[in-house]
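# Give me a 3D structure for the following:
(chains A, B, C and D, ligands or ions: 6)
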There are 4 protein chains.
Amino acid sequence: MTVSASGRVGLWLVGARGSVATTAVCGLAALRAGLAPATGCVTERLPGAVLPAWDDIVVGGHDLVTTSYEKRAEHLSRAGVIPHHLLAPVVPALRAADAEVRDGYHPTTHRGPQALAVRRLAADLETFRFKHELERVVVVNVASTEPPVPHVPAFESWSALSAALDDPALSVLPPSSVAACAALTAGCSYVDFTPSTGVAIPALDELARHNGVPYAGRDGKTGETLLRTALAPMFTDRALRVLSWSGTNLLGGGDGATLADPASAASKLRSKSDGLATLLGGPVSAPLHIDNVPDLGEQKIAWDHVTFEGFLGARMSLQFTWTGLDSALAAPLVLDLTRLLAAAHASGISGVVPELGFFFKDPLGSEEHRFDHQSATLTAWAQTLGGAR
Amino acid sequence: MTVSASGRVGLWLVGARGSVATTAVCGLAALRAGLAPATGCVTERLPGAVLPAWDDIVVGGHDLVTTSYEKRAEHLSRAGVIPHHLLAPVVPALRAADAEVRDGYHPTTHRGPQALAVRRLAADLETFRFKHELERVVVVNVASTEPPVPHVPAFESWSALSAALDDPALSVLPPSSVAACAALTAGCSYVDFTPSTGVAIPALDELARHNGVPYAGRDGKTGETLLRTALAPMFTDRALRVLSWSGTNLLGGGDGATLADPASAASKLRSKSDGLATLLGGPVSAPLHIDNVPDLGEQKIAWDHVTFEGFLGARMSLQFTWTGLDSALAAPLVLDLTRLLAAAHASGISGVVPELGFFFKDPLGSEEHRFDHQSATLTAWAQTLGGAR
Amino acid sequence: MTVSASGRVGLWLVGARGSVATTAVCGLAALRAGLAPATGCVTERLPGAVLPAWDDIVVGGHDLVTTSYEKRAEHLSRAGVIPHHLLAPVVPALRAADAEVRDGYHPTTHRGPQALAVRRLAADLETFRFKHELERVVVVNVASTEPPVPHVPAFESWSALSAALDDPALSVLPPSSVAACAALTAGCSYVDFTPSTGVAIPALDELARHNGVPYAGRDGKTGETLLRTALAPMFTDRALRVLSWSGTNLLGGGDGATLADPASAASKLRSKSDGLATLLGGPVSAPLHIDNVPDLGEQKIAWDHVTFEGFLGARMSLQFTWTGLDSALAAPLVLDLTRLLAAAHASGISGVVPELGFFFKDPLGSEEHRFDHQSATLTAWAQTLGGAR
Amino acid sequence: MTVSASGRVGLWLVGARGSVATTAVCGLAALRAGLAPATGCVTERLPGAVLPAWDDIVVGGHDLVTTSYEKRAEHLSRAGVIPHHLLAPVVPALRAADAEVRDGYHPTTHRGPQALAVRRLAADLETFRFKHELERVVVVNVASTEPPVPHVPAFESWSALSAALDDPALSVLPPSSVAACAALTAGCSYVDFTPSTGVAIPALDELARHNGVPYAGRDGKTGETLLRTALAPMFTDRALRVLSWSGTNLLGGGDGATLADPASAASKLRSKSDGLATLLGGPVSAPLHIDNVPDLGEQKIAWDHVTFEGFLGARMSLQFTWTGLDSALAAPLVLDLTRLLAAAHASGISGVVPELGFFFKDPLGSEEHRFDHQSATLTAWAQTLGGAR
Ligand SMILES: NC(=O)c1ccc[n+]([C@@H]2O[C@H](COP(=O)([O-])OP(=O)(O)OC[C@H]3O[C@@H](n4cnc5c(N)ncnc54)[C@H](O)[C@@H]3O)[C@@H](O)[C@H]2O)c1
Ligand SMILES: NC(=O)c1ccc[n+]([C@@H]2O[C@H](COP(=O)([O-])OP(=O)(O)OC[C@H]3O[C@@H](n4cnc5c(N)ncnc54)[C@H](O)[C@@H]3O)[C@@H](O)[C@H]2O)c1
Ligand SMILES: NC(=O)c1ccc[n+]([C@@H]2O[C@H](COP(=O)([O-])OP(=O)(O)OC[C@H]3O[C@@H](n4cnc5c(N)ncnc54)[C@H](O)[C@@H]3O)[C@@H](O)[C@H]2O)c1
Ligand SMILES: NC(=O)c1ccc[n+]([C@@H]2O[C@H](COP(=O)([O-])OP(=O)(O)OC[C@H]3O[C@@H](n4cnc5c(N)ncnc54)[C@H](O)[C@@H]3O)[C@@H](O)[C@H]2O)c1
Ligand code: NA
Ligand code: NA
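Residues are numbered from 1 along each chain as shown, chains lettered A, B, ... in the order given. Ligands and ions are numbered 1, 2, ... in the order given. All right, here's what the predicted structure looks like:
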């Protein structure tokens, strides 16, 4: 990676005090202090990309809770995500980050038309950019997963949405989309790291293109789906016929608690399942579960069982068990996406960035789910960044 | 795949009565009769390649045993490799194949200089080609795995080897290399589907290039290694640091019995291990075992356990269990390689074909072990075949 | 085992043409012909028990479908449950069994008060006993699993139930209980091999004791639960604290199709879960799934993941994958239960037989789920059989 | 458990500074301070046994290294065995223990006849007992596993061994047996927690009985073997025929490094394997490996794959993966054995105690390997302790 010297970049985390966000904040501090290698950071292995340096990234964000970063970091340390010896050195960075967290939007506490919420959040972003003299800001949504929302006509165009936002009797957008709308309004790039609706509606795509900001999503690919997209091409390239691909995910933590609600789990299950049929060239039996197992804490266990048919109908199987620390897998990708979106913005790219599908379970702007193809695409694309600066 | 109409091709199997060979012979008959789809045949998914049709392939081979194909096929049916209902329809094809099996070479039964053995085997190949009016013959070694042999000076050049072969007091070549030497001498393409020495010595490479025949190898990639080469790039592309990759293979059948001999297993373990360090960019703890578990019959069970480190040193793991029917995985690749080598020969290619690394644990002529890169290379290369005809 | 010479015994299968029943019928024929060892038959290892010989057992049953046993057996052979070479020799026995299958009861086809259905089924049993000069008949319910039914006041006593059965406007009993009621009415022992309601209502317990017939149940323990009841005591005896025990079951076949209906699965999940808390001395996180994966055919795959805490709070885990052929596990137990219930009846035992808890996920008349204790209890109890004859 | 008030007991650890010993020392301190529950301590669940209280146990031991307990405990904390918050409170206890560790015996540093070594070690034990006014001392061998030693005639009787020990030219006993001999000479009970030779020779059995001290062993059963002895009876009680039982163990830590030496691993593999044939009523294919995977630290991963046959020859399988923290599993058993041997000694028991087979892979004085039977035996036997005091 070639690191650009020019300009500071803001990383604004929606869900700023969650596990993923806290791990990203601690990790960035550790990287800047040279206390940890950048293991898991994909941008470190991309040749020729001109990207912001760790030292040039400033963090802030929105959340609904006020638990201090120090408390969250201690919890993550007990859970095995952050090593104990890193806690003390990052305290100053955590305090600085604490000072940059503002109240997020939630429908139950908000009064007035949604346009007001958008303006308030956008103002927070502009203040942050101004205060820290940032060249640009990347907003990354790592808030709790929301249930899927029905598609309404107001989603279809910016003019329709705009009108609906002004109507104090309506509340058409879920919080993730309010956050996305605020980001785009303030001229910030936006990343949907969750499966929530966020930016994925035509009206916001229009807004992004109009305002000249790039966006990417959706739902960080860090565990079972990562493996599926690496393994499925092996079956198809070898002309083996997958008959069933069953999966069970056990997880604890905040995400486990959220996904114990079937409505929220629905978003996640959808983004996990959609890709499989695409990968395998057609639908297969694919029962899939997400279970909340609180004692697992930050650990996620995924078990997949695949049956397949070979020559002359021979029946075979593959099963795997993945034991991951979810936030440790997600946080470096959040940092990677910050760098890449900032560079894309600097290069004049706007609208959806399909080349970032590599990072997501449900890649916006792309139907390519194969890990190897996504990886090659990302590598090639990253090399083109920087030229337009 | 575009199928070429021109010319019949011979498939000569060394180890003609083994499990892999028998499955290939039965399967070819079933494909020709339209009784089974070509599941597992990679050549069926290669766009634009001009390859021999199933109908144009005639089989023969060398073996040391005389058990009839019907008996072997019944055994493989009980073991779940060949469906019971296919047995009756393929009997005529099996009898035809039986008639084309000749005595293989073995040092304990051979008398005279090794050159004599080479000439006898080469004569069998030429007779086969002449009798069936074949345009070309591909020799595929699927005989029992041999122990590794020490490298001797006679391996260095064809002139040195030639002299050694003429010396009745010497027996420098292992049987697999005698078979390879005979193939090349007779102008036949050669494939090492086993980890044995075979064609992989400089003298035989010289001979292949001199005689204008292509060859490929080594050790068909059908199970644990296939998965490793599909999964390892996922770790490196995601910048995750693999700490250990342990493996245990349980297998029965003829191959299980052979590999119960530690000397023979040594070849196999070497071809399985070599690639891992290359894939991961350096050595890791990688204990590896092959155990003979007779009751598994034709089944192979592989268990791999991988530990890896992510962001901030987080410790995670992946384990998988693969339950394969080895011969069902290998046989379609034998047919694929026959088609591809025949087409390469027709295209005027000679010497090692590195583009076929996709098929092998220990790819001759290439250091590329990543499944995705191998797959892309194969697809691109196959499209070039046929032009030069 | 000491085999009693006295008296022939009927085995009446409710769900006579299902997978479990067909495997039992084929297997019994093979055992009688000396073509297969009695692997999986627990009664063969019980010392000192006086039990009916295989030769003394005659089979018949009720079902709703008419597919011949030969067809069902061929299907089970393709699925790996019955070896191909056994099919031909058992054909005469299968035809004899075919002749003894009568129409079962189903609410959608029945007209009139349920008492009529009970009398018709009981008459079938009496005819069977008379025709074959049987000393006694054991009815085993291996029909499709039913959804759980609400408990109604009529279940509380035989007089209340009796009145309800006579009322043509009511249909209080599910089919399994109609079958149980018929069995007890006809003086036959009864076994609930399914999780359906069957005999497990007070009114039928009263009837059983009144008519002097023994019964046992519920839900044959053949896979995941078998393992759980063998493993859970290891944790408690070693004073290790289980924190979570998650399970996923993948199955195909008729049972898989039935359990794809959440209502039917509810019975199964309940009998699977109830025991775990008892085994572990309290509730733990225990998400549990049953998925229909049609391509698995008669195979059942169960994956369990257990987290536990040891000394000083150390966190550890155990996971297992069980690959069973369900009918092959269940059928020998059906034969065992026939022998044991017949002997219990001969010994004058009536009402629930808690000593048979060894065989069941949800043991009627007992709270003991620990496999080892159940095994010791069964062994001791079986030795007492035969004395009273 | 009923706790006896009378008398203090010494626990003398051979290998006092190893992982198991250090965990036992820390854990005992935590239990005494009420900082941790006695999870994993079997004696806490034994009803009616009269056993020493935690407060009555004083620790000391022999080792070859001098690393302080504080350092070892910190290492074990990083490895997940001891929680970080327990470290500070146990420091005083660790320092007290440090003061009671003496130099162990090793052939390369010892000069003179082995009798001298025995006398020196015995004197250390007597000094410890006298200094702390202990009623009795239990010596537990938790030193590094030794290679198996050939059986020599001097092992046959105490008079023969005694003579050999006096001969300065001979060195017949391995270090574990020197330690055992010293313990028995000093009138201390002895436990072999390792697979080393230790007390398991006729001459030392004679000495133990002569001196009126009890002993038990061999090789703590804490992982794969624990599971095997819990699961194997399930197969036999259900009359299922096990065909193969393959195992792979991955471990790091000191034990992993020691067992990387094939000679030392031989002892371990032997104690692991012996039981399986006994459990299954005959030999099966049972390949077994122990691999050193340093990055696993104190973790042990065991994978077992079992194939078995059911009714009509149906083929099925079970596999499990165990992820244990070995020292956390072993340490509470070391404390349990201290209590139980002390109580046995107080009850006048001498020689081998077969009722303690529950704790060991290779139970001395018993052929019973079934976990359930061992558990029942232990429970019954423990109730008899205390009467003779
Ligand atoms: N590997 C991974 O960890 C991974 C992968 C893919 C996606 N994700 C997604 O990332 C998200 C975060 O995961 P986590 O483990 O950090 O969850 P978490 O529960 O620890 O954190 C979520 C945070 O979002 C905050 N929040 C909720 N609603 C908000 C709102 N309207 N505005 C601002 N903040 C709000 C919560 O207060 C909380 O602090 C989840 O949606 C998860 O599905 C995570
Ligand atoms: N998936 C797979 O099955 C797979 C994958 C990679 C490599 N291979 C290799 O393919 C080979 C064949 O496997 P298999 O399962 O068919 O084994 P097999 O034991 O069933 O068959 C081997 C055959 O080779 C014959 N043979 C031995 N020495 C010979 C000689 N000198 N000349 C001629 N014939 C000889 C034997 O008589 C036997 O019929 C093995 O070396 C195996 O390692 C197989
Ligand atoms: N290991 C095991 O196979 C196992 C273990 C425990 C319980 N069971 C239970 O055993 C039962 C049978 O399993 P299976 O795999 O043979 O299922 P199956 O679907 O193959 O067979 C069920 C049979 O019951 C018949 N049936 C349905 N309703 C009926 C009625 N009212 N009267 C008479 N017959 C009726 C069906 O027509 C079918 O032939 C299931 O309830 C299953 O849950 C099986
Ligand atoms: N679950 C378990 O941890 C478990 C189970 C069964 C058996 N064991 C056995 O317990 C023993 C200890 O395991 P560990 O993990 O603590 O190993 P470790 O390597 O951490 O400790 C062994 C200690 O023994 C000391 N030692 C070596 N030779 C000695 C001698 N001659 N005299 C005195 N001390 C000596 C070493 O210096 C070291 O401190 C091993 O033999 C192991 O096989 C452990
Ligand atoms: Na997409
Ligand atoms: Na190579």
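
# So which residues of the stretch 251-389 of chain A form helices?
Assigned by DSSP state H, counting those that start in this stretch, the helices in the stretch 251-389 of chain A fall at A:253-259, A:262-280, A:326-346, A:371-384.

# Can you name the residues that contact the residue of chain A positioned farthest from its centre?
Distance from the C-alpha centroid of chain A peaks at A:Leu312, with 43.0 Å (Cα atoms, centre = their mean). Counting by Cβ atoms under 8 Å, 6 or more residues apart in numbering or on different chains, A:Leu312 touches B:Thr23, B:Cys26, B:Gly27, B:Ala30, B:Ala36, B:Thr39, B:Val81, B:Ile82, B:Pro83, B:Leu86, B:Ala328. C-beta coordinates here come from the backbone N, C-alpha and C atoms, glycine included.

# Who's the closest spatial neighbour of the residue of the stretch 51-200 of chain A found nearest chain D, skipping the chain neighbours?
Going by Cβ to the nearest Cβ, chain D is nearest to A:His84 of the stretch 51-200 of chain A, at 6.3 Å. In space, and not counting its chain neighbours, A:His84 is closest to A:Ser77: 5.3 Å by Cβ to Cβ, 6 or more residues apart in numbering or on different chains.

# Please determine how far the spatially most central residue of chain A is located from D:Ser157.
Nearest residue to the geometric centre of chain A (Cα atoms, centre = their mean): A:Phe193, 1.5 Å. A:Phe193 sits 75 Å away from D:Ser157, going by Cβ to Cβ, to the nearest Å.

# Now the helix or strand hosting A:Gly27: average pLDDT?
Under the criterion of DSSP states H and E, A:Gly27 resides in helix A:19-32. Mean pLDDT, helix A:19-32: 97.

# do that helix and ligand 1 meet?
Yes - Helix A:19-32 is in contact with ligand 1 by Cβ under 6 Å from any ligand atom, via A:Ser19, A:Val20.

# Give the pairing partners of the helix or strand following that helix; include direction for each.
Following helix A:19-32 in sequence order, the next helix or strand is strand A:50-52 (DSSP H and E). Within its sheet, strand A:50-52 is paired with strand A:2-4 (parallel), according to DSSP bridges.

# Tell me which residue in the stretch 201-350 of chain A sits closest to ligand 1.
A:Gly254 (2.4 Å; Cβ to the nearest ligand atom).

# From what I see, that residue and A:Ser144 are in contact.
Yes - judged on Cβ atoms under 8 Å, A:Gly254 makes contact with A:Ser144 at a distance of 6.9 Å.

# Now do the same contact list for A:Ser68.
A:Leu94, A:Asp98.

# 7 Å instead?
Counting by Cβ atoms under 7 Å, 6 or more residues apart in numbering or on different chains, A:Ser68 makes contact with A:Asp98.

# re earlier: counting neighbours, what do you get for the residue of the stretch 201-350 of chain A closest to ligand 1?
A:Gly254 has 16 neighbouring residues, counting by other Cβ atoms under 10 Å in any protein chain shown.

# mind listing what it touches?
Residues near A:Gly254 by Cβ under 7 Å, 6+ apart: A:Gly18, A:Ser19, A:Ser144.

# quick one: it from A:Val139, how far?
20 Å.

# what's the answer for A:His85, then?
32 Å.

# Mind checking which of the two has more residues around it?
Comparing A:His85 with A:Val139 by other Cβ under 10 Å, the one with more neighbours is A:Val139, at 30 against 11.

# Distance-wise, check the residue lying closest to that one once chain neighbours are set aside relative to ligand 2.
Leaving aside its chain neighbours, A:Val139 sits nearest to A:Ala183 (3.8 Å; criterion: Cβ to Cβ, 6+ apart). As judged by Cβ to the nearest ligand atom, to the nearest Å, A:Ala183 and ligand 2 stand 53 Å apart.

# tell me the contacts of A:Ala183?
Neighbours of A:Ala183 in contact, by Cβ under 7 Å, 6+ apart: A:Leu125, A:Val139, A:Tyr190.

# filter those residues by proximity to ligand 1?
Counting by Cβ under 6 Å from any ligand atom, no member of these is near ligand 1.

# Just the ones of those in helices?
A:Leu125 (DSSP state H).

# Name the nearest of the contacts of A:Ala183 relative to A:Leu296.
A:Val139 (29.8 Å; Cβ to Cβ).

# give me every residue that touches that closest one.
So A:Val139 contacts A:Trp12, A:Val14, A:Leu125, A:Ala179, A:Ala183, A:Cys188, A:Ser189, A:Tyr190 (Cβ under 7 Å, 6+ apart).

# Any of these buried? List them.
Buried subset of those (neighbour count, 16 or more other Cβ atoms under 10 Å in any protein chain shown): A:Trp12, A:Val14, A:Leu125, A:Ala179, A:Ala183, A:Cys188, A:Ser189, A:Tyr190.

# All good on my end, thank you.
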